[in-house]
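Participant: Below is the structure, and that's it, no one-letter string:
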């Protein structure tokens with residue numbers, strides 16, 4: 001097997017690259033043979049089309065668009081590469097041959113006189129007040145090749161997915177072409193290759209979306225909430241868990257524990273919650289609610305919210321030292337193992353160290369995961385006395401394992417406790433032999449990695465509810481590189497994937513927590529959505545439970561059994577944005 005650079009297939013040889021260029025040549029297309037009716041079969045547009053100007057029909061008096069590629073997705077979005085721009089918007093089929101293009105609410109142009117025949121297209125393009133000309137083109141399958149070869153080499157379940165078998169090689173074989181013809185759009189092709197157990201691998205037409213997700217960057221209005229099915233019907237209510245600082249919601253009259261049951265005047269149900277709250281909505285109005293006589297009803301309060309594009313969440317939501325029962329107790333609410341916050345996290349532990357804290361309560365109840373490197377650093381901040389010992393191990397598919405075992409190079413698959421970061425910054429360690437970790441069903445991947453990795457070394461007291469059960473991870477972003485140095489991303493498209501490529505075990509080899517990690521005996525407690533308390537205060541029942549164990553009888557707070565426990569939670573459709581266990585491609589030799 002080749003070195004990992006070719007193993008990554010992101011990673012294509014010059015020979016393959018040349019063959020791709022050859023495939024892009026547009027032969028003379030007999031436009032009279034192209035037929036279509038976009039109103040009857042809009043799906044024939046779906047996919048990526050490489051365009052060539054139809055020189056015989058260019059109006060010499062107009063400004064040419066110099067378009068290279070247009071990509072129609074099955075969610076009514078499009079990407080257009082023209083001149084030196086790449087724009088994204090939405091499209092609408094308006095006649096058998098015409099398509100309107102918009103960005104937001106602004107109409108920007110048309111694709112007209114469109115004819116399609118299988119993998120060939122003819123169209124007129126006009127961008128209002130900018131350019132117009134005519135094109136022929138062919139469907140572009142380079143993205144499919146990148147996807148298939150990457151998954152064939154790296155995917156954790158490669159051996160179990162028949163369509164990723166080595167028997168399908170080479171690319172261009174009859175078996176491979178059959179896969180392509182059944183799934184002409186990259187997104188559906190990618191989904192068709194996933195294992196039934198895989199809920200987390202994803203593909204994006206713009207790799208910046210994946211890059212931003214590991215930095216905690218997303219469009220957000222600052223309201224973090226949980227959706228719950230209310231009663232035995234299809235009604236849904238939302239419970240606010242916390243408000244993000246410096247967001248639009250931060251200045252509004254909203255707080256933890258507030259309940260809403262409608263959006264834009266419509267009551268939430270199992271059938272409309274996605275379209276009302278998600279689905280690229282940039283603004284909406286929350287219709288707040290209250291409980292009267294065991295039922296929820298609207299209270300007349302309506303809160304307008306606007307999402308800020310590329311809003312970056314600081315995962316260090318709250319840090320403080322609680323003095324109670326003669327002890328100094330550090331409390332940290334940490335919501336994502338995000339890229340770019342490791343030094344700020346280290347500074348928090350420097351403060352804890354300076355304060356001389358005796359105990360640590362780490363609140364991961366809303367932390368769905370992130371970078372394995374940050375999980376390693378955090379575990380070193382909690383401890384510090386285990387440098388050089390195994391914190392976790394990554395188990396890859398047989399193809400990857402066999403290759404690295406054959407060259408006697410598997411040490412990189414082990415994460416060892418460290419005393420400094422990659423840039424030589426010393427880690428501020430508390431040298432604790434015990435830690436309290438608050439969890440819920442929203443605690444996933446890197447959060448679980450910390451619990452599982454620390455358990456063989458120190459006493460981990462888990463407080464709250466069973467975790468999500470995500471014991472697998474993957475590469476944060478797999479790019480389509482066109483050289484063997486992993487430095488040149490294919491300029492012809494901006495697709496990238498983030499596939500599941502490994503499972504995670506601790507130093508004892510334990511990785512069997514797909515059903516979640518359960519709380520310690522005597523520490524199981526659900527949040528009560530009518531008694532949420534204040535985060536970081538003793539009014540929070542989960543924090544109070546941990547504090548009671550630390551202080552003993554000297555300063556106990558009564559723990560009230562939840563009357564309305566948070567259960568029947570509806571899974572967040574944007575779960576993938578943060579519920580991942582990531583490592584970087586550059587960490588692989």
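Facilitator: Now that the structure is in, tell me what you want to look at. All figures in this text were calculated on a predicted structure; none of them were measured in a lab.
Participant: Compute the first-to-last residue distance for stretch 47-67.
Facilitator: 16 Å (C-alpha to C-alpha, to the nearest Å).
Participant: Please tell me how far the nearest residue to residue 270 once chain neighbours are set aside sits from residue 227.
Facilitator: Once flanking residues are discounted, residue 270 sits nearest to residue 234: 4.3 Å by C-beta to C-beta, 6 or more residues apart in numbering. For the C-beta atoms, the positions are set from N, CA and C on the backbone; glycine is no exception. From residue 234 across to residue 227, the span is 12 Å (C-beta to C-beta, to the nearest Å).
Participant: quick one, which of these two is more surrounded?
Facilitator: residue 227 (21 against 14; other C-beta atoms under 10 Å).
Participant: give me every residue that touches the nearest residue in space to that one that is not next to it in sequence.
Facilitator: Spatial nearest neighbour of residue 227, chain neighbours left out: residue 570 (4.2 Å); criterion: C-beta to C-beta, 6+ apart. Counting by C-beta atoms under 8 Å, 6 or more residues apart in numbering, residue 570 makes contact with 227, 228, 229, 236, 270, 273.
Participant: could you redo the last one with a cut-off of 7 Å?
Facilitator: 227, 228, 229, 236, 273 (C-beta atoms under 7 Å, 6 or more residues apart in numbering).
Participant: Kindly report the same for residue 398.
Facilitator: residue 159 are the contacts of residue 398 under C-beta under 7 Å, 6+ apart.
Participant: how many other residues sit next to residue 96?
Facilitator: Using other C-beta under 10 Å, the number of residues around residue 96 comes to 13.
Participant: Then residue 533?
Facilitator: Residue 533: 17 neighbours (other C-beta under 10 Å).
Participant: How about the one 5 residues further on?
Facilitator: Around residue 538 there are 15 other residues, counting by other C-beta under 10 Å.
Participant: from what I can see it touches residue 546, true?
Facilitator: No. Contact between residue 538 and residue 546 fails when scored by C-beta atoms under 7 Å: they sit 10.4 Å apart.
Participant: Nearest spatial neighbour of residue 490, chain-adjacent residues omitted?
Facilitator: In space, residue 490 is closest to residue 480, 4.2 Å off (C-beta to C-beta, 6+ apart).
Participant: Show the model's pLDDT score for the one you found.
Facilitator: Per-residue pLDDT puts residue 480 at 89.
Participant: Please report how far it lies from residue 292.
Facilitator: 57 Å.
Participant: if you count what's nearby, which of those two comes out ahead?
Facilitator: residue 480 (27 against 9).
Participant: Identify the residues contacting the more buried one.
Facilitator: Residue 480 neighbours (C-beta under 7 Å, 6+ apart): 10, 146, 489, 490, 493, 495.
Participant: circling back: residues contacting the residue nearest to residue 270?
Facilitator: 269, 270, 271.
Participant: show me where the stretch 401-550 of the chain has strands.
Facilitator: Ranges of strands in the stretch 401-550 of the chain, per DSSP state E, counting those that start in this stretch, are 414-416, 434-439, 459-464, 472-475, 478-479, 496-498, 500-506.
Participant: For these, give me CSV that also has distance to residue 247.
Facilitator: Shown next, in CSV, are those (distance: least, C-beta to C-beta, whole Å):
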stretch, distance to residue 247
strand 414-416, 33
strand 434-439, 23
strand 459-464, 25
strand 472-475, 29
strand 478-479, 31
strand 496-498, 26
strand 500-506, 31
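Participant: sorry, back to before: dump the contacts of residue 480 to JSON lines, plus pLDDT, distance to residue 202 and neighbour count.
Facilitator: Compiled in JSON lines, the contacts of residue 480 are given as follows (pLDDT from 0 to 100; distance: C-beta to C-beta, whole Å; neighbours: other C-beta atoms under 10 Å):
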{"residue": "10", "pLDDT": "34", "distance to residue 202": "16", "neighbour count": "26"}
{"residue": "146", "pLDDT": "93", "distance to residue 202": "15", "neighbour count": "26"}
{"residue": "489", "pLDDT": "84", "distance to residue 202": "18", "neighbour count": "17"}
{"residue": "490", "pLDDT": "82", "distance to residue 202": "19", "neighbour count": "20"}
{"residue": "493", "pLDDT": "83", "distance to residue 202": "16", "neighbour count": "23"}
{"residue": "495", "pLDDT": "92", "distance to residue 202": "11", "neighbour count": "26"}
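Participant: tell me the two of those residues that are most distant?
Facilitator: The most widely separated members of those, counting by C-beta to C-beta, are 10 and 493 (12.7 Å).
Participant: How far away from the center of its chain is stretch 499-513?
Facilitator: With C-alpha atoms, centre = their mean, to the nearest Å as the basis, stretch 499-513 stands 20 Å off its chain's centre.
Participant: what do you get for stretch 392-400?
Facilitator: The answer for stretch 392-400 is 22 Å, by C-alpha atoms, centre = their mean.
Participant: in it, what's buried?
Facilitator: 392, 393, 394, 395, 396, 397, 399, 400 (16 or more other C-beta atoms under 10 Å).
Participant: tell me the contacts of residue 74?
Facilitator: 46, 185, 187.
Participant: follow-up on the earlier one: turn the strands of the stretch 401-550 of the chain into CSV, including mean neighbour count and distance to residue 376.
Facilitator: Output for these, formatted as CSV (neighbours: other C-beta atoms under 10 Å; distance: least, C-beta to C-beta, whole Å):
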stretch, mean neighbour count, distance to residue 376
strand 414-416, 17, 5
strand 434-439, 24, 15
strand 459-464, 21, 16
strand 472-475, 25, 13
strand 478-479, 25, 21
strand 496-498, 26, 20
strand 500-506, 23, 12
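Participant: Of these, which is nearest residue 155?
Facilitator: With C-beta to C-beta as the yardstick, what comes closest out of the strands of the stretch 401-550 of the chain is strand 500-506 (6.6 Å).
Participant: Give the other helices and strands that that closest one contacts.
Facilitator: For strand 500-506, the elements it packs on are strand 390-396, helix 446-454, strand 472-475, judged by 3 or more C-beta pairs under 7 Å, 6 or more residues apart in numbering; DSSP states H and E.
Participant: The same query, at a cut-off of 10 Å, please.
Facilitator: helix 142-154, helix 372-382, strand 390-396, helix 398-406, strand 414-416, helix 446-454, strand 472-475, strand 581-583 (3 or more C-beta pairs under 10 Å, 6 or more residues apart in numbering; DSSP states H and E).
Participant: Give the pairing partners of that strand; include direction for each.
Facilitator: strand 390-396 (antiparallel), strand 472-475 (antiparallel) (DSSP bridges).
Participant: Least reliable of these by average pLDDT, please.
Facilitator: strand 472-475 (a mean of 90).
Participant: hey, what's residue 111 bridged with?
Facilitator: residue 99, residue 125.
Participant: got any ranges where the stretch 451-589 of the chain has weak pLDDT?
Facilitator: In the prediction, the stretch 451-589 of the chain carries residues with pLDDT under 70 at positions 483-487, 554, 573-589.
Participant: try 80
Facilitator: By pLDDT under 80, the weakly predicted segments of the stretch 451-589 of the chain are 482-488, 491-492, 553-556, 567-568, 571-589.
Participant: ok, residue 113 to residue 376 distance?
Facilitator: Relative to residue 376, and taking C-beta to C-beta, residue 113 is found at 57 Å.
Participant: whoops, I mixed them up, residue 424
Facilitator: 15 Å.
Participant: For the two, indicate the residue with more neighbours.
Facilitator: residue 376 (23 against 6).
Participant: so who does the more buried one touch?
Facilitator: Counting by C-beta atoms under 10 Å, 6 or more residues apart in numbering, residue 376 touches 337, 391-392, 415-418, 421, 427, 446, 449-450, 453.
Participant: most neighbours, which of those residues?
Facilitator: That'd be residue 337 among the contacts of residue 376, by other C-beta under 10 Å, with 33 neighbours.
Participant: ok, now which ones touch that one?
Facilitator: So residue 337 contacts 214, 216, 315, 345, 364, 367-378, 445-447, 449-450, 578, 580-582 (C-beta under 10 Å, 6+ apart).
Participant: Over to residue 165?
Facilitator: Contact partners of residue 165, counting by C-beta under 10 Å, 6+ apart, are 152, 158, 159, 175.
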